[in-house]
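Asker: Here is my input; please provide its structure:
(one chain, ligands or ions: 1)
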Amino acid sequence: MEEGYELFEEVPSIGDYRRLREVAGLSPKSAEAAAAGLPNTHFAVVVKKDGHVVGMGRVIGDGGLFFQVVDIAVEPVHQGRGLGKAIVGRLVEHLKATAPAGAYVSLIADGEAHRLYAQFGFQPTAPRSIGMSLTLR
Ligand SMILES: CC(C)(COP(=O)(O)OP(=O)(O)OC[C@H]1O[C@@H](n2cnc3c(N)ncnc32)[C@H](O)[C@@H]1OP(=O)(O)O)[C@@H](O)C(=O)NCCC(=O)NCCS
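Answerer: Predicted coordinates for the structure are as follows:
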């Protein structure tokens, strides 16, 4: 991560969470949904520059068996400076240090982001299995 950026083990605020998802091009989330979900975060980090949150990443899960990496986002003007790698690296480091052996950590990689996750050991589930999703309306 370039100089001037600092990583904190911290759940993003509802405002930062919604703003970062939007500017990074992820689907928008309501304040109500964020207020319900964020307090149940298993582990999260934010990256700040001059006190301002410019990146985030979260792990959700049951604390023992299954975990999911979600909400990996960096403000576009701060992309390409190692923030994404620092965020995912810290999440994986935390899981390796705390999760029981055999824990299953999954994620859905958008676009080219699979190249980022592959650097930390994530492998495609296909063709053995297919990730599936359902968005409730
Ligand atoms: C994905 C994202 C968080 C990466 O953040 P970043 O700070 O730009 O990433 P880094 O600078 O740490 O570099 C990421 C690494 O993955 C590689 N990579 C290649 N294409 C990439 C891409 N389109 N997106 C992310 N990483 C990419 C980079 O080359 C780099 O590795 P390298 O230094 O060995 O070349 C950021 O691009 C982003 O917020 N994207 C929009 C939201 C999104 O798609 N989130 C992921 C949802 S699954």
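Asker: Around the ligand, which positions in this protein sit nearby?
Answerer: 24-26, 72-74, 79-85, 109-113, 115-116 (C-beta under 6 Å from any ligand atom). Any C-beta I mention is one placed from the backbone N, CA and C, and that applies to glycine too.
Asker: Okay, and which of those residues map to strands?
Answerer: Applying DSSP state E to the residues of the chain next to the ligand, the entries found in strands are Ile72, Ala73, Val74.
Asker: what about the closest residue to the ligand within the chain, how many residues close to it?
Answerer: Relative to the ligand, the nearest point of the chain is Gly84 (2.4 Å; C-beta to the nearest ligand atom). Gly84 is flanked by 22 other residues according to other C-beta atoms under 10 Å.
Asker: Please apply the same query to Met132.
Answerer: Residues lying near Met132 (other C-beta under 10 Å) number 6.
Asker: list the contacts for Val59?
Answerer: Thr41, His42, Phe43, Ala44, Phe67, Gln68, Val69, Val70, Leu91, His94, Leu95, Val105 (C-beta atoms under 8 Å, 6 or more residues apart in numbering).
Asker: May I have the beta-bridge partners of it?
Answerer: Assessed by DSSP bridges, Val59 has beta-bridge partners Phe43, Val69.
Asker: From the contacts of Val59, list just the buried residues.
Answerer: In these, burial by neighbour count holds for Thr41, His42, Phe43, Ala44, Phe67, Val69, Val70, Leu91, His94, Leu95, Val105, counting by 16 or more other C-beta atoms under 10 Å.
Asker: I'd assumed Asp110 was in contact with Ser133.
Answerer: No: with contact defined as C-beta atoms under 8 Å, Ser133 does not count as touching Asp110 (11.8 Å).
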